[in-house]
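Novice: Any chance you can model this:
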Amino acid sequence: MMVQAPAPSLGAAVASGPRYLLSSWPWRALVWTMFGGVLSAVLLIGAPLILLLGVSRSLRNAVWSPLLEIECARLSLIDDAAAERVRRDLSTARVEQRLPALRQVGYVLFTALIAGPWGVVLVAFLAILTVVMVAAPWLVRPGEPINVALWLIDTPGEAWFAALLGLVVLVLTAYLVGAYAAAVGQLAVVSLADPQALQREVTRLEHSRTALLTAVEQERRRIESDLHDRVQHRLMALALTLGLAENVHGDNDAGRLAADAHRQVDDIAAELRAVLLGIQPRALTEHGLIAAVTDLIGPYPLPVRVDFGATEVPRRLPSAIEQTAYLVLTEALTNVVKHASASTVTIAADRQDGMWWFMIRDDGCGGAVLQQHRGLATLAARVQAVNGTLTISSPAGGPTEVSMRCPI
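Specialist: Just a heads-up that it's a prediction; the model follows:
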């Protein structure tokens, strides 16, 4: 049996159906509405003082900030998540010593002059109507009818019918007050929240992501440099030493052991070169993507047609895009050799309308399936990190096409 999660806000609760009536939301909507009436009365009484203090720019924040905080606390009764967002925006504005925006002042005035008083009137009218209708069987006496909203109730039958209708009105009142509070609360969110806050947060995250990518790229280059300049040179020196030992000892046991160790060192050096090529090839770092791809396809077992268009005109691509594209290209070419049974491969790329795209197509058997956490599927997140998209088309019978597209 599934247990439904509680509604996150009054608006969602009203839309949830009968569950709304059995929750605390109708009472919260009622408290919110009555609180608005009290706040309206306070604002109207204190209007002269508020206007007087508001003339001074230095005192304007001292007047309006508490009012906005009160509205934020009131909003938390019906939408806690939205209230928290508004609270953060107000806190930021206070730290930056920004004056209240015109939309915020307008909402407070709207609450004081319209929403607060009319909300109380609505609740009072519906409450009196409901109480009178439900109590009609005890209020109607022979010769003493009662009048409810132009309805003259003068018989016991009509009185009991009015009582039943009163229960219906009670339910409708709960929904009506809830809908009213949710609508005005949504207006509060739009008016009090900073519309630029989300954009600033997106910008901050983009800068953080760029900084993280740059740091990862620098660390990768440092590791590549250490492996190339230190470990690889040590292996070369060890290979020379073993070669000398092999020449000195000839065919005896020590010579054969030195020869075997020499072969193992050569194998390790070859594997290290392959690892370095995958981490950050020197051609990619020093000369760019086109040079790195040219080196990569040199020993490739299949013919490769290449057209990079204006990829490096007027300048090279950003290093993060070059590195990501190179990894995607390397993985795609490896897959062609292993699985595609292809005879030719085409690589195309170009700049277009502020975007850069590249495509790898083979004429193989197709039917490629992305496996989670393997191969190209693991590179999709890297492509997304440079605001790009990675798409793969591989119908049965081919061709297979891997495409990357990103802004530059």
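
Novice: Pull the residues that contact stretch 376-394.
Specialist: Stretch 376-394 is contacted from outside by 209, 213, 318, 320-321, 324, 327-328, 331-332, 335, 366-371, 400-407, using CB atoms under 8 Å, 6 or more residues apart in numbering. Heads up, the C-betas are built off the backbone N, CA and C, glycines and all.

Novice: Please repeat the previous calculation with a cut-off of 6 Å.
Specialist: With contact meaning CB atoms under 6 Å, 6 or more residues apart in numbering, stretch 376-394 is reached by 320-321, 324, 327-328, 331, 366, 368, 370, 400-407.

Novice: again, but for stretch 211-219
Specialist: S319, A320.

Novice: Convert the C-alpha atoms of that stretch to CSV, please.
Specialist: What follows is stretch 211-219, C-alpha atoms only, in CSV (Å, rounded to 0.1, in the frame of the first residue of the first chain):
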residue,chain,number,x,y,z
ALA,A,211,36.9,26.6,-12.2
LEU,A,212,36.5,22.9,-11.4
LEU,A,213,37.1,21.8,-15.0
THR,A,214,40.2,24.1,-15.1
ALA,A,215,41.6,22.6,-11.9
VAL,A,216,41.0,19.0,-13.1
GLU,A,217,42.7,19.9,-16.4
GLN,A,218,45.7,21.4,-14.7
GLU,A,219,46.0,18.4,-12.4
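
Novice: re the thing from before, okay, and which of the contacts of stretch 376-394 map to helices?
Specialist: By the criterion of DSSP state H, membership of the contacts of stretch 376-394 in helices covers A320, I321, T324, L327, V328, E331.

Novice: Counting neighbours, what do you get for the second one?
Specialist: Same thing as I321. Close neighbours of I321, defined as other CB atoms under 10 Å, add up to 22.

Novice: and it, what does it touch?
Specialist: I321 touches V386, C406, counting by CB under 6 Å, 6+ apart.

Novice: gap between it and V383?
Specialist: From I321 across to V383, the span is 9 Å (CB to CB, to the nearest Å).

Novice: try the fourth one
Specialist: The gap separating L327 from V383 is 9 Å, by CB to CB.

Novice: Walk me through the domains of this protein.
Specialist: 10-195, 200-279, 287-407 (automatic domain parsing).

Novice: And the pLDDT for the residue sitting furthest away from the middle of the chain?
Specialist: What lies farthest from the middle of the chain is G143; by CA atoms, centre = their mean that is 68.8 Å. We have a pLDDT of 75 for G143.

Novice: quick one: which of the domains of the chain has the weakest pLDDT on average?
Specialist: Among these, domain 200-279 scores lowest, at a mean of 75.

Novice: how far is that one from where the chain is centred?
Specialist: Here domain 200-279 is found 39 Å from its chain centre; the criterion is CA atoms, centre = their mean, to the nearest Å.

Novice: going forward, begin numbering at 28 instead of 1
Specialist: Got it, first residue is 28 now, which makes that one domain 227-306.

Novice: mind listing the strands for the stretch 278-427 of the chain?
Specialist: Here the stretch 278-427 of the chain has its strands, by DSSP state E, counting those that start in this stretch, at 331-334, 372-379, 382-389, 416-420, 427-434.

Novice: mind listing what the last one pairs with, with the direction of each?
Specialist: In this case it means strand 427-434. Taking DSSP bridges as the criterion, strand 427-434 forms sheet pairs with strand 382-389 (antiparallel), strand 416-420 (antiparallel).

Novice: Out of those strands, which is closest to R247?
Specialist: With CB to CB as the criterion, R247 lies closest to strand 416-420 of these, at 20.0 Å.

Novice: nearest residue to A206 other than its sequence neighbours?
Specialist: Spatial nearest neighbour of A206, excluding adjacent residues (CB to CB, 6 or more residues apart in numbering): V41 at 5.6 Å.

Novice: What is the burial count for the one you found?
Specialist: Counted by other CB under 10 Å, the residues lying close to V41 total 24.

Novice: hang on, it packs against G205?
Specialist: Yes. Judged on CB atoms under 6 Å, V41 makes contact with G205 at a distance of 4.5 Å.
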